[in-house]
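# what follows is a predicted structure for the sequence shown.
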Amino acid sequence: MPNYRRAFVPGGMYFFTVKTERNAPVFAEIFSVRLLGEIFREAIVQWQFTIEAVVLLPDHLHAIWSLPTGDADYSRRWAWIKKEFTKRYLASGGTEQWVSSSRQQYRRRGVWQRKFWEHALRDEDDFLRHFDYIHWNPVKHGYVNCPSAWPHSSFHRWVAKGVYPPGWGCRDHSAPLPQDLEDTGE
């Protein structure tokens, strides 16, 4: 069994990939999207961190978080977010039909895969590469032709702030495409 080692950088910035159990399309339903947003807002109030960028696809999400000075406990935040979402989602009629027999045998209910992938961002170039990757992800997966067409993304906030032009990352030839967007943990 692999020995997972987490990178803990107090006050750092982290890129995350978090997936649903068996890649279930939990977030294809607007109810689930809104519920997760509510839980994120509660977590931010409780633990004072910033979501710099986020994209939510039907079966996974990517995010960049900034943690407060001296704090590296992103695992506790993710555990709480995943637990709260699962409780509320199932209590309101969400399905867990994709839960494996081993999970059922050990009475582990869940909407999420147990693990998540994190990467401590090393410098501004690393941040920008992951920032672009997050916003281009719906295009990468073929859901839309332009990041601006995907509603569940922080892309719109960054367009409003002038960081991206509205046509950034489109698959047509008139808009600039992101460069060097390597796969970062899916």
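Looks like it arrived, so ask away.

# you'd agree Ser148 is up against Pro166?
Yes - counting by C-beta atoms under 8 Å, Ser148 does reach Pro166; the two are 5.4 Å apart. Quick note: C-beta positions are derived from backbone N, CA and C, even for glycine.

# mutual contacts of the two, please.
Listed as contacting both Ser148 and Pro166 by C-beta atoms under 8 Å, 6 or more residues apart in numbering are Val159.

# more neighbours, these two?
Ser148 (22 against 13; other C-beta atoms under 10 Å).

# now do the contacts for the more buried one.
Ser148 neighbours (C-beta under 8 Å, 6+ apart): Phe155, His156, Val159, Pro166, Gly167, Trp168, Cys170.

# export the residues you listed to TSV and tack on pLDDT and distance to Gly110?
Converted to TSV, those look like this (pLDDT from 0 to 100; distance: C-beta to C-beta, whole Å):
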residue	pLDDT	distance to Gly110
Phe155	98	29
His156	98	30
Val159	98	35
Pro166	93	38
Gly167	93	39
Trp168	95	36
Cys170	93	36
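
# buried only: go through those residues for me.
Phe155, His156, Val159, Trp168, Cys170 (16 or more other C-beta atoms under 10 Å).

# grab the two from these that are most spread out in space.
His156 and Cys170 (14.5 Å; C-beta to C-beta).

# helix or strand with the lowest mean pLDDT in this protein?
Least confident helix or strand, the chain: helix 101-105 with a mean of 53, by mean pLDDT, DSSP states H and E.

# just for this protein, where's the confidence low?
1-6, 95-109, 173-186 (pLDDT under 70).

# the same query, at a cut-off of 50, please.
Residue ranges of the chain with pLDDT under 50: 1, 103, 186.

# His119: which element?
strand 117-120 (DSSP states H and E).

# tell me the strands beside that strand, with direction?
Strand 117-120 sits in its sheet next to strand 13-19 (antiparallel), going by DSSP bridges.

# just to revisit the earlier point, who's in contact with the strand holding His119?
With C-beta under 8 Å, 6+ apart as the test, strand 117-120 has contacts from 6-9, 12-18, 74, 130, 184-185.

# try it again at 6 Å.
Defining contact as C-beta atoms under 6 Å, 6 or more residues apart in numbering, one finds that strand 117-120 is touched by Ala7, Val9, Gly12, Tyr14, Phe15, Phe16, Thr17, Gly185.

# report the beta-bridge partner residues of the residue lying closest to the second one once chain neighbours are set aside.
Pointing back at Val9 there. Spatial nearest neighbour of Val9, chain neighbours left out: Ala120 (4.7 Å); criterion: C-beta to C-beta, 6 or more residues apart in numbering. For Ala120, the beta-bridge partners under DSSP bridges are Tyr14.
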